[in-house]
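Student: My questions concern the predicted model and sequence given below.
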2 protein chains.
Amino acid sequence: MSAQPASSLQAEVNRLRLQLESFQVEDGSKPIAIGDYLLARLEQLKVTSMFGVPGDFNLGFLDLVEDHPTIDWVGNCNELNAAYAADGYARVKEHSIGLFGVGELSAINGIAGAFAERVPVLHIAGVPSTIQQKTKPLLHHTLGDGRYDAYSKASENFTISQANILDKDTAAAEIDRILTDCITRARPVYLTLPTNMVFEKISSERLKIPLSRLPPPNDPEVEAFVLDDIVKLVEESADDVIILVDACAIRHDAREEVNELILKTGYPVYSAPMGKTAVSENYERYGGIYVGSISHPDIKEKVESAKLILSVGCLKSDFNTANFTYSMCFHSDHTKVQYAGFPGIGMKELLPLLTARLQSCSAAARKIPVPDFTAVVPKEDNDIISQAWLWPTMGKFFKPKDVIIAETGTSSFGIVDIPLPEKSIFVSQILWGSIGWTVGSTLGAALAARDLGLNRTILFIGDGSLQLTVQELSVMLRHGLKPIIFVLNNSGYTIERFLHGKERKYNDISNWNWTGLLGVLGDAAGTLSQSYTVKTKDELEALLATPSFAEAGKMQLVEMMMPKHDAPRALVQQAELSGKTNAYVAI
Amino acid sequence: MSAQPASSLQAEVNRLRLQLESFQVEDGSKPIAIGDYLLARLEQLKVTSMFGVPGDFNLGFLDLVEDHPTIDWVGNCNELNAAYAADGYARVKEHSIGLFGVGELSAINGIAGAFAERVPVLHIAGVPSTIQQKTKPLLHHTLGDGRYDAYSKASENFTISQANILDKDTAAAEIDRILTDCITRARPVYLTLPTNMVFEKISSERLKIPLSRLPPPNDPEVEAFVLDDIVKLVEESADDVIILVDACAIRHDAREEVNELILKTGYPVYSAPMGKTAVSENYERYGGIYVGSISHPDIKEKVESAKLILSVGCLKSDFNTANFTYSMCFHSDHTKVQYAGFPGIGMKELLPLLTARLQSCSAAARKIPVPDFTAVVPKEDNDIISQAWLWPTMGKFFKPKDVIIAETGTSSFGIVDIPLPEKSIFVSQILWGSIGWTVGSTLGAALAARDLGLNRTILFIGDGSLQLTVQELSVMLRHGLKPIIFVLNNSGYTIERFLHGKERKYNDISNWNWTGLLGVLGDAAGTLSQSYTVKTKDELEALLATPSFAEAGKMQLVEMMMPKHDAPRALVQQAELSGKTNAYVAI
């Protein structure tokens, strides 16, 4: 039986102290406004940006945000974009959360995406006063039928915890409860803040105890049983083992533990698309991206023929894995060994113990062959910026610590096949797949990257997708952010053309003057940004090789003219698969 | 006891025949695909435009839409804008409905607004096949936890009826059921169409029976009782009666009946903001807009001192009426006489009978004084385009049959005080009040106006609001629409500044190059549109007087430079009221 690590025990101590705190009588500590209490907790979680749109019922709270020394108000152009930005921020700023406060329903798709993809986001909704919530007058912004709870009911479908601050005596404990859920379970939570509660004074005593990010400690007895079970299975598979890493390894702070496991055992490691960049893509034992039946044949064969798969933090989906079976999974709060589930046994503590036990297999493990994960720029006898040529070319442009964001569609499918540099961060909404999501997300990601001292933020997005959420480019300009935005101008919704309606008009869009866009959205003087159009391979290569471009000293938008009916290999295959399971019976 | 009108009886006959039809065995009629059945019903309802964004699960159905001879696919830039467009379309195209088909959640705020404001809108969501709905694989665009019903659960809060087409035998009846609810109750309904059902063949027999728009006939006995009651109250009030008209008179096809009542009795008539243009604003017995405590003092005194108010189709809200008490109301499906409610007694049948009974009071009624509803352009000793000057000036610019759309904020508050011309249509989202709503709505309204042969579509919107949904201007260009868009450039969210945070940065926005916008969004050649900036009264007056401008031969955008801290009278008063009921306790 192993001893609990100190960090885990400290977290448990804090949790218990906070529980006790709820029963304490009034203390002598300095009173604090409920709104400020919330902000103090968010500051402890290293939140530096709050996204949103001012609305009638959150203006008082925004006073506190605007006056806060370390949390900035990022005024977004609309609510959905704000939610997307909070999501992007949280993905890049690991160990923190995304924060947005806006009206309600326009943001709900943003919350749902964060729910599906396990991103810790706090949605603060300013709501009418507690008195109005009781008397239910026919206010504007309501449904006119007295159902003040319809919004929170809708939100309950897409958040794991909700709190409505109706009582100052329980306000601090309620705030702590939902924030703890948010950080330990890495999913969105929902807080409604009535206008008259924002400035109510409460005790600040609880703030001395930090919130616990770690889940409750594993039960040592069960943990030992699980370990034995796994080690036995590893031995039975005669070291024919691979490790597959997915998104939850990132979301649940298990990067370090996963990397230890990988480096010390030497088993071949692969990544699911949403786990891309969780481990180094340049590591010699890294075999690339496994996407089920649309994987590169080499990868597919190696992964599927392994006797045992140690799957870490998997988040299943058709686009993320392209099939639906796994043998063994490590999660934040449970472990599955073949058919047996072990609730409460989390990977953060389990993986180091497993690493210690498996280290001895290292010599054998290192003999298991791993395909090379490289991307070669194909030689093509034309000028066209093809999908096959574009992504490997881009692979050479990326630098360590870049934040690389790919919109659902040709971009996300194209980029998964390309190895990304050391400590770069890949951001994409593979499972939820809302088009337009990356624009808001890039805003949040770029702010987080600035906080963390990362390198460039680079977005790839199609013209159709960019039209959904385009206004948020203006907010990037306003905040002095310098992302590089590659717009794949291929005349419409290419991903949909591959799914259905290749020549249909409904997949067409208006052609915008993309290089004029930033000038209109806030950079009239042309000092904050630069835009380009590239039509050929040579033009793009020349641009990428220009030092002033690559240094990203201002915001840059590159329109790339690309063929309408070209798509990356993986997308073509995925579309064929989706088409089969999702067939329209022909007339 | 009165005889039922023939139209009402015919509607009842059709309803009953459709009920019977559900029990009929298979007939010899021509089979039709379920998707085409739906489109045939929509064609019968005179729907000509379908708004939306193509998505993985609706592409098959879009084939049918694209191939349909009278229903056009209007590809929107995003889902929320599409929902707004459907709403705007339905408001202008009375006797029809708005139609949009898109993914799901991004549109939910648009549905909620239509719900609150009683707009008949059909939301068609393409969903995974019936097989996948049973086996629940982890598809993209899902939450990853097998809850395929989370979206429809969220939608249930904001629609009055839902149908999921799982079975071809009940498909037609289900479609008819939700469409009937939509048109008789004037609220949004929700239809999910699994991919594999779109092309399933069913009988077309039911299509021969039109759907009934009219609610079930009133019970003649109860109706007679209600009539006697009302007439008695009118007599008791010694003809000190006024009529107050609101939105539901428009939504429930009772315009004609209301106008008969008004013209034949001669009682003074006032309108609530959302009922504006339900009756002619130039009628000699029309006294203007009643907005509760923020009404013009003259109007307030006249309305509130009346012994009896006949309120037709009222839709209560703080912004719509600014107070919360009424004595008597006529609704589509019930009537309230003082404290007594009469369910099932609808105004469409009741009002003509009431008109007949009250006609004899006409001589006395015409003696009740009515304030003049006029707007005088104030003389101001400066060049500034002030709110006080702007709206009366615009009043002179409007023409009969114009569709006039005002964004929530300074625009909607400013315009209510101005009489609008004969047969013009006023569109505003007074109750729900989502900023940005008018942009999508203008697209829908302009398409409906084109169908109906109306005059110009004119939008007033602030710079902050336009940023939320700006991309939809591009769709207007693409469809050759020619709205005039007045952008009130007053450096941010002026309505919020009046509510709270007058000098706060969170109410600031980026300043865009508004006159460059249409060039970027699809009119690079400058042939489809024209943009202007006006900074002074003289410049605006000169522009309004230019025939080529007033003729609206192309899409036009006018940026009007206006002071940041100026607001119409009604908004200033409303903000004071809201501030009181919605106070943040000061620190």
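Tutor: Nice, thanks for sending it over.

Student: residue contacts, the residue nearest the centre of chain A?
Tutor: With distances taken as C-alpha atoms, centre = their mean, the residue of chain A nearest its centroid is residue A:91 (3.8 Å). Residues near residue A:91 by C-beta atoms under 8 Å, 6 or more residues apart in numbering or on different chains: A:98, A:119, A:250, A:425, A:427, A:441, A:444-445, A:448. For every residue, glycine as well, the C-beta is placed using N, CA and C.

Student: Throw these into a markdown table and include pLDDT, distance to chain B and neighbour count, thanks.
Tutor: Formatted as a markdown table, those follow (pLDDT from 0 to 100; distance: C-beta to the nearest C-beta, whole Å; neighbours: other C-beta atoms under 10 Å in any protein chain shown):
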| residue | pLDDT | distance to chain B | neighbour count |
| --- | --- | --- | --- |
| A:98 | 91 | 18 | 32 |
| A:119 | 95 | 12 | 27 |
| A:250 | 93 | 16 | 25 |
| A:425 | 96 | 21 | 24 |
| A:427 | 96 | 16 | 25 |
| A:441 | 96 | 14 | 34 |
| A:444 | 95 | 17 | 33 |
| A:445 | 96 | 20 | 30 |
| A:448 | 95 | 21 | 27 |
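
Student: Which of these fall in helices?
Tutor: Of the contacts of residue A:91, the ones assigned to helices by DSSP state H are A:250, A:441, A:444-445, A:448.

Student: Hmm, residue A:160 is touching residue A:186, no?
Tutor: No. Judged on C-beta atoms under 8 Å, residue A:160 makes no contact with residue A:186 at a distance of 9.3 Å.

Student: More neighbours: which of those two?
Tutor: More crowded of residue A:160 and residue A:186, by other C-beta atoms under 10 Å in any protein chain shown: residue A:186, with 25 against 17.

Student: pLDDT score for the residue nearest to that one when sequence neighbours are not counted?
Tutor: Residue nearest to residue A:186 in three dimensions, not counting chain neighbours: residue A:251, with 4.2 Å by C-beta to C-beta, 6 or more residues apart in numbering or on different chains. Per-residue pLDDT puts residue A:251 at 92.

Student: what's the neighbour count on residue A:251?
Tutor: 25.

Student: do the one 4 residues further on as well
Tutor: The number of residues packed around residue A:255, counting by other C-beta under 10 Å, is 17.

Student: mind checking how far it is from residue B:506?
Tutor: Distance, residue A:255 to residue B:506, by C-beta to C-beta, to the nearest Å: 35 Å.

Student: What of residue A:329?
Tutor: 44 Å.

Student: repeat for residue A:210
Tutor: 29 Å.

Student: between the two, who's got more neighbours?
Tutor: More neighbours surround residue B:506 than the other of residue A:210 and residue B:506, with 23 against 14 (other C-beta under 10 Å).

Student: didn't residue A:517 look like it was pressed against residue A:474?
Tutor: No. The pair residue A:517 / residue A:474 is not scored as a contact, 9.4 Å apart, by C-beta under 8 Å.

Student: Now the common contact residues for these two.
Tutor: By C-beta under 8 Å, 6+ apart, no residue touches both residue A:517 and residue A:474.

Student: returning to that earlier point: could the contacts of residue A:91 be laid out in CSV, adding distance to residue B:407?
Tutor: Putting the contacts of residue A:91 into CSV (distance: C-beta to C-beta, whole Å) gives the following:
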residue, distance to residue B:407
A:98, 29
A:119, 33
A:250, 42
A:425, 39
A:427, 34
A:441, 28
A:444, 28
A:445, 31
A:448, 33
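
Student: And the strands in the stretch 1-150 of chain A, which stretches?
Tutor: A:31-33, A:49-52, A:72-75, A:98-101, A:121-127 (DSSP state E, counting those that start in this stretch).

Student: Isn't the residue nearest to residue A:186 up against residue A:114?
Tutor: No. In this structure, residue A:251 is not within contact of residue A:114 by C-beta under 8 Å, at 10.4 Å.

Student: Need the overlap of contacts for these two.
Tutor: residue A:120.

Student: what's downstream of the lowest-mean-pLDDT helix or strand in chain A, the next helix or strand?
Tutor: Within chain A, no helix or strand scores below helix A:318-321, which has a mean of 54 by mean pLDDT, DSSP states H and E. Downstream of helix A:318-321, the next assigned helix or strand under DSSP states H and E is strand A:328-330.

Student: Next, the residues that contact that next one from outside, please.
Tutor: The contact list for strand A:328-330 (C-beta under 8 Å, 6+ apart) reads A:230, A:233, A:308-314, A:335-338, A:347, A:350-351.

Student: Stretch A:468-475 too?
Tutor: Contacts for stretch A:468-475 (C-beta under 8 Å, 6+ apart): A:74-78, A:80-81, A:84-85, A:435-437, A:439-440, A:442-443, A:485, A:517-518, A:521-522, A:555, A:557, B:53, B:77-79, B:467-468, B:470-471, B:510, B:512.
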